[in-house]
Structures are given as C-alpha cells and as structure tokens.
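1. sequence first, predicted coordinates after that:
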Amino acid sequence: MSLVFIHLSDSHLGADEEFRLQDVRVVDRVNAVAKAVRELPFRPDFILHSGDVSNQSELGAQGAYEIAKRIFGAFDVPVYYLTGNHDDRDALRSTLKFPEVEWLDTPGKRLDYRFRAKDFSILALDARQSESAEGDLLAEQLGHLRNIIAEKKKFLLFIHYLAFDIGVPWYLGFQGPEGKDRMIIKNGMEMHKLLAGAGGLCWGVFFGHVHATHTVFRDGVLYSSVRACSVNIGAWPGLSEVIFQPEVPAGFHVVQVGDFGTVVTPHTVAV
Ligand SMILES: [Fe+2]
Ligand SMILES: [Fe+2]
C-alpha cells in the first residue's frame, strides 16, 4: 500500500502575527498553505514540516511555536517537525505536539527520531549545529543512518539541510549575519556515501532550508526540497547572491511512495 504525505517547510513564523519577512505578513502565507492542504480531496498519512518553523532561534521563538501550534496543530493527521537553523530545539519540542516516535540517543539533545509509516521506516536527523546556515552530522547520527541501512528495509530520510553542492553558487558561500556562511551540511558527502551504498533501500531524502524546489538524483539516491511556505529565494545555475522572491507563490509537495516508486507533485498557493 502506498504511503502519502505532505512535505512543507520553512514557515519562518515570528513572535507575533504581525511579523513580516521581505514585507510579507508571514502568518497569512502559512495559513494559506495550511488551508490548501486541508482542502486536498484525500487524506495524507502525515505531514512533514522540514524545519525553520520559527524565524528566530532565540528572540521570539516561543511566540512562533505558539502560532505554529495553532496552525499545524489543527491538522487531523500527525505532523512531524525537523529542527532548522532558525529553530530553538527545546522550545520546538516542548511547544509543538509530536506524534508517537522513537527518540534516538544523540549528544547535544539533537531531535533525532524514527517511526514507521505503511511499509517504510523513516529516519529524521537534526543537523543543526548553530544559527549558521551550515549543518553538520555527528558521528552518532551517521551511526543512526548506518543502523537503519543495516535493517535492510525500505526507508526515507528527513533532514532540514542540503547535503552537498548542487550547482547554485550562493549555497556554497554568502554573507550571513555573522559573516560568510553556506547552506550545505559540512560532512554531507559522508551521509550521501552511506545512502548511495545502501543498495536502493533509501526511497528519498526530503529537505527544506533552501526555500526553493529542487529534485536531485545522484548515485541512485533521490533528494527533494520543497519551496517555503513563507518567502522563497532564487536558485538557478550561476546565481551567486541571495535574491529573496516575495512575489513567488508559497507551496507544498504531495509525496507518494509505493510500488510505482517515489512521486513528488508540487503545489503552489497563490499569494
Ligand atoms: Fe528557512
Ligand atoms: Fe534553514
């Protein structure tokens, strides 16, 4: 039986409902995406929010999670959250309702967990090292990945960050608030090598963070990122600067995983 889930990401909610990003009232966008998901003519198995639930990991994060709880908590299916660089993992976990999951033991209280859905095992890894846009994976987290591969069952991987260079120059170097920063996982290629060596057991890696839709197929592994449900950012070959695109619609993906393979169907939500 196929698994159907909704992939949405990067809500970047602020401390109160008046919060704006690039002059966009973020809560309006997020509410519009949530409404479009609720109005789908089928019921998904669950919803994945792939991180940056909040816009600021410290100041105002609690208020953002209260708003997120009202919006995402209203879905009548389980919602799984990942930790993004803009999130406060303690406030995220204590404020938002997590479905039943198996929490994994990882140093630094990183929110790593796994669960089963239909015929799939799902591993969620928290690669947040700091407020930096660059993620990292601890040896223990690569161990969690090795463990799931060793079970020799079909699995999906959920992670906030981009794993490696995909040909958009600004992802590899841009001016962040605290100096030069980059959007990839420092040791993402270690993760990729494990996935590529998993003999087709990984049916997809789902991420956010870049605020753009990408489909990447590398060494037999499918990676899929979803546009933000707040403000999107330009991403094309040769682009070396950050260009916010407040005029670009928000959206989400419908993901079906079954005997036919992994099917990602993008939806946009007019703004
Ligand atoms: Fe983000
Ligand atoms: Fe992010």
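-> Nice, thanks for sending it over. Ligands and ions are numbered 1, 2, ... in the order given.
2. any chance of the backbone angles for Glu178?
-> Torsion angles at Glu178 (phi, psi; degrees, to the nearest 10) stand at phi -110, psi 30.
3. surely it meets Glu134?
-> No. Counting by Cβ atoms under 8 Å, Glu178 stays clear of Glu134, with 11.2 Å between them. Glycine gets a C-beta too; all of them are placed from N, C-alpha and C.
4. pick out whichever of those two has more residues nearby.
-> In terms of neighbours (other Cβ atoms under 10 Å), Glu134 is the more surrounded of Glu178 and Glu134; the figures are 20 against 9.
5. list the contacts for the closest residue to that one other than its chain neighbours?
-> Nearest residue to Glu134 in three dimensions, chain neighbours excluded: Arg182, at 5.1 Å (Cβ to Cβ, 6 or more residues apart in numbering). Applying Cβ atoms under 8 Å, 6 or more residues apart in numbering to Arg182 gives the contacts Ala133, Glu134, Tyr171, Leu172, Gly173, Phe174.
6. at 6 Å what do you get?
-> Contacts for Arg182 (Cβ atoms under 6 Å, 6 or more residues apart in numbering) come out as Glu134, Leu172, Gly173.
7. determine the number of other residues adjacent to the last one.
-> Residues within reach of Gly173, counting by other Cβ under 10 Å, total 12.
8. how about the contacts made by Val242?
-> For Val242, the contacting residues are Trp170, Phe174, by Cβ under 6 Å, 6+ apart.
9. and it, which of the three is it?
-> Following DSSP: H, G, I helix; E, B strand; the rest coil, Val242 is assigned to coil.
10. pull the number of nearby residues for Phe115.
-> So Phe115, with other Cβ under 10 Å, has 17 neighbours.
11. any idea how far it is from ligand 2?
-> Look at Phe115 and ligand 2: by Cβ to the ion, to the nearest Å, they are 23 Å apart.
12. for that residue, which non-adjacent residue is closest in space?
-> Closest residue in space to Phe115, ignoring its immediate chain neighbours: Val101 at 4.6 Å, by Cβ to Cβ, 6+ apart.
13. can you check the pLDDT for that neighbour?
-> Per-residue pLDDT puts Val101 at 98.
14. what are the boundaries of the helices in the stretch 101-250 of the chain?
-> 139-150, 188-196 (DSSP state H, counting those that start in this stretch).
15. what packs against the shortest one?
-> Yep, that's helix 188-196 we're talking about. Packing partners of helix 188-196 (3 or more Cβ pairs under 6 Å, 6 or more residues apart in numbering; DSSP states H and E): none among the helices and strands.
16. and if you look at the first one?
-> Other elements packing on helix 139-150 under the criterion 3+ Cβ pairs under 6 Å, 6+ apart are strand 120-125.
17. check what contacts the strand it packs on and list those residues.
-> In this structure, residues lying in contact with strand 120-125 by Cβ under 6 Å, 6+ apart are 3, 82, 112-115, 141, 148, 153-159.
18. looking at the residues you listed, spot the one nearest ligand 1.
-> Set against ligand 1, the nearest of the contacts of strand 120-125 by Cβ to the ion is Leu82 (11.0 Å).
19. look up how far ligand 2 lies from the closest residue to Glu102 other than its chain neighbours.
-> Of all residues not flanking Glu102 in the chain, Arg114 sits nearest, at 5.1 Å (Cβ to Cβ, 6+ apart). Distance, Arg114 to ligand 2, by Cβ to the ion: 22 Å.
20. can you list the weak-confidence ranges in this structure?
-> In the predicted model of the chain, no residue satisfies pLDDT under 70.
21. is Val264 in a helix, a strand, or coil?
-> Put simply, Val264 is strand when judged by three-state DSSP.
22. ligand 1 contacts on the protein?
-> By Cβ under 5 Å from the ion, the residues of the chain that approach ligand 1 are Asp10, Asp52.
23. those residues of the chain touching ligand 2, which are they?
-> Checking the chain against ligand 2 by Cβ under 5 Å from the ion, the hits are Asp52, Gly84, Asn85, His209.
24. give the contact list for the third one.
-> For Asn85, the contacting residues are Arg128, Glu131, Ala133, by Cβ under 6 Å, 6+ apart.
25. could you redo the last one with a cut-off of 10 Å?
-> Contacts for Asn85 (Cβ atoms under 10 Å, 6 or more residues apart in numbering) come out as 51-52, 57, 127-135, 160-161, 176, 181, 183, 209.
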